[in-house]
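Asks: Here is my input; please provide its structure:
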Amino acid sequence: MTAWEHGDRAAMWRALTPRARATFSEAAFASSYRGADRVAGVQAVRAGAVGSEHGGSASVRVALDLRDFGTLRGTIALALSGSGEEAGVDWRPALRLPGLRDGESVRRRAGRAPLRGEILAADGSRLDATALGASVAGTAGPAPTGLERVYDERLAGHPSAQLRFGRRVVMRTSAVAGRSVHTTLRPGLMRAASAALGGKLGGVAVVRPRDGAVQALAGLAVSAPQPPGSTFKIITVSAALEHRLATPSTRYPPATSATLSGVKLGNADGERCGGTLTQAFVESCNSVFAPLGAKVGAERLVQTARAFGFGEDPVVPAAKPSTISPASSLRDDLAVGAAAIGQDRDLATPLQMATVGATIALGGRRARPRIVTSEPVVRRRVISARTARQVRSMMLDVVRSGTGTAAAIAGVQVAGKTGTAELRPNSKDPKDADAWFVAFAPARHPKVAVAVMLVGAGFGGTAAAPIARLVLAAALDSG
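Replies: Modelled structure (predicted):
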C-alpha cells in the first residue's frame, strides 16, 4: 500500500498476479488510475495496514483527499491468490477507489461556472482599468497570467459538482462564488511613477514601510535585477554598526582608492574622500566601504543581506529574487569588498532596494513585500533600532548635503542613498553604469519608501534622485 500512497504505479503493477498482469498491461493499469484520479481530483492517498487474509481476501482501510469533495473513506477488499512467485493481487478496476463497484465508471458532473472575482486596486477600482494596472493584473483564461494566475482558484471559485460511480452519486459539493482580490496598488501613484520614469529604461518601486504594501511599480521594478551599486552600502554599514566594527564617528584616512588582495578599487571619478564613517557614507566613498566590507567578512555580509531580503522569492507576479554570492564564493577581501559596494555578483530589483530602505525606516524591522491585502503582514527584526537610527541619520545627511541633494523636498525630511553601479569596469562613459536612488520620507514618521533604477544612466545623484523626489512627493501628496 506504500506504493499506492507514493503513486508508484510500476510497483503496484508488479504486485499483481501473473494473470492480472497479462489482462492489464502496465501502461493500461497506470492509465486507468490516472483517469480515475483526475476525475475524482485525488490529491493524496492514505492507507492503513493490510489486514489478515481470510477466504482469499484481505481488507485495507483507505482515505483519499479529493480536491473539491473532501475526503473519500472506505475499505478496499484485495483478492489474493497464488503462492511463491505466482502470489499477488487479482486486480480489477473497481479497486481504484473505495466504494467503486465492478462495471462502474468514475464520472464528475458540474454545474454552471460562477462569476469570476475581480482584481481591485487599493481604491476599489478594477486594477486592469489602466494599462499599468493590467500589466500586473494579467489575464484570465485557460493559461492565466499575473495576479490572475497566482490567485486563479480564489478568483474562479468552483461550480457545484457531483462525483458519480456509474449512476450513483457518492459525493457532492456546493458552488463557491469567485472572490475578488484586493491589491495594495494605488493607480494614481502608479501613473505618477510611470510619468516620472518618463520612458527611460529602468524601474520604480514604492513600498509602505509599516506593512510591506507595494503601492506602485513601474518599468523594470521587479523583473530585471541589476547591480545595486552604492545603495548596497545601506546593508554594509548596517552590518558594520550592528557588529560593533565601527561607529558613525570612526575616522578613515582620505584616499582615492583602496587596495584589496593586491587590486585597487577606486572612488568615482578618482575623488579623494574619507573622514568619519558618516562622511564616507554621505560621499559614497568606496575607499572606505570596500575595506569595511572585508572587515565585516563574507559570512556576516551575506547573512545581513539575506536578512534584508536578498535570496527571497517575492510574492509578486513576475518578480525575480535579488541575489548575492554565497559566502563560500567570496573567497578573498577583494570579492567581499566588491560585494560590499554593490558590485561583484550582487543583483537587485527596485522592489528589493525599496524594501531595504523601508527596513531602515521601520526602525530595523522588515515587513515582507506584499501586493494583496489577504497576504499576512510578516515582520521580522533585521537590525537593532539603535543601528537603524544611526543609518537613518546618515541617509538624512545624504539628502541634506551629500550625493542625494536632488531628492530634497521642501518641508519634508527625506532620507536617501545614491548608487552608481558599474556595468563595465573602469569605464568613464556614464552609459556603462546604472543609476540608483533609495529613499524614504518623512524620515521621522515614514509613510513611503522608494527605489529608482535607471539602466546605463550614470550617476544616481543626478539621474535617479530627481525621479525619486517626484515619486516621493506624489506619494505624500496623495496620502
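
Asks: quick one, what contacts Gly461?
Replies: Counting by CB atoms under 8 Å, 6 or more residues apart in numbering, Gly461 makes contact with Thr403, Gly404, Thr405, Ala406, Thr418, Phe437. (Each C-beta comes from the backbone N, C-alpha and C, glycine too.)

Asks: what about 10 Å?
Replies: 230, 268, 284, 398-399, 402-407, 416-420, 435-437 (CB atoms under 10 Å, 6 or more residues apart in numbering).

Asks: And Leu78, by the same measure?
Replies: Each residue near Leu78 by CB under 10 Å, 6+ apart is listed here: 1, 15, 50-51, 53, 56-60, 88-91, 95.

Asks: And these, which is closest to Thr75?
Replies: Nearest to Thr75 among those is Ser59, at 5.2 Å by CB to CB.

Asks: my guess is that closest one contacts Ala47, does it?
Replies: No: contact between Ser59 and Ala47 fails when scored by CB atoms under 10 Å: they sit 11.2 Å apart.

Asks: Show me whatever sits in contact with both of those two.
Replies: Both Ser59 and Ala47 are contacted by Ile76, under the criterion CB under 10 Å, 6+ apart.

Asks: So which of the contacts of Leu78 wins on neighbours?
Replies: The residue in these with the most neighbours, by other CB atoms under 10 Å, is Trp91 (22 neighbours).

Asks: Find me the pLDDT at that residue, would you?
Replies: On pLDDT, Trp91 comes in at 93.

Asks: how about the contacts of Leu78, which pair is most distant?
Replies: Met1 and Gly56 (18.3 Å).

Asks: so Val398, which of the three states?
Replies: Here Val398 is helix, with the state taken from DSSP: H, G, I helix; E, B strand; the rest coil.

Asks: mind listing the helices for the stretch 51-200 of the chain?
Replies: According to DSSP state H, counting those that start in this stretch, the stretch 51-200 of the chain carries its helices in the segments 131-137, 146-150, 152-156, 187-197.

Asks: The lengthiest strand in the chain: which residues count as buried?
Replies: For the chain, the longest strand by residue count, based on DSSP state E, is strand 70-81. Within strand 70-81, the residues scored as buried using 16 or more other CB atoms under 10 Å are Leu72, Ile76, Leu78, Ala79, Leu80.

Asks: And for stretch 363-376?
Replies: For stretch 363-376, the neighbour count (16+ other CB under 10 Å) marks Gly363, Gly364, Arg365, Arg366, Ala367, Arg368, Pro369, Arg370, Ile371, Val372, Glu375 as buried.

Asks: now stretch 92-112
Replies: Those would be Pro93, Ala94, Leu95, Arg96, Leu97, Pro98, Gly99, Leu100, Glu104, Val106, for stretch 92-112 by 16+ other CB under 10 Å.

Asks: for the residue nearest to Ala246 when sequence neighbours are not counted, what are its contacts?
Replies: Leaving out its chain neighbours, the residue that sits closest to Ala246 by CB to CB, 6 or more residues apart in numbering is Ala240, at 4.6 Å. When contacts are counted by CB under 10 Å, 6+ apart, Ala240 touches 233, 246-247, 250, 277, 289, 292-293, 295-296, 300-301, 304, 340, 387.

Asks: Outline the domain layout of the chain.
Replies: Split into domains by automatic domain parsing, the chain comes to 2-104, 119-182, 187-477.

Asks: And the strands in the stretch 301-450 of the chain, which stretches?
Replies: In the stretch 301-450 of the chain, strands defined by DSSP state E, counting those that start in this stretch lie at 365-367, 379-381, 415-422, 433-441, 448-454, listed in chain order.

Asks: can I get those in a markdown table with mean pLDDT?
Replies: As requested, these are exported to a markdown table (pLDDT from 0 to 100):
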| stretch | mean pLDDT |
| --- | --- |
| strand 365-367 | 98 |
| strand 379-381 | 97 |
| strand 415-422 | 93 |
| strand 433-441 | 96 |
| strand 448-454 | 98 |
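
Asks: So which of the ones you listed is the most surrounded?
Replies: Ranked by mean neighbour count, the strands of the stretch 301-450 of the chain are led by strand 448-454 with a mean of 32 (mean count of other CB atoms under 10 Å).

Asks: after that strand comes which helix or strand?
Replies: Sequence order places helix 465-477 as the next helix or strand after strand 448-454, per DSSP states H and E.

Asks: what sits against the nearest residue to Asp211 once chain neighbours are set aside?
Replies: Counting by CB to CB, 6+ apart, Val377 is the residue found nearest to Asp211 once chain neighbours are left out, at 4.6 Å. Applying CB under 10 Å, 6+ apart to Val377 gives the contacts Arg210, Asp211, Gly212, Ala213, Ala367, Arg368, Arg370.
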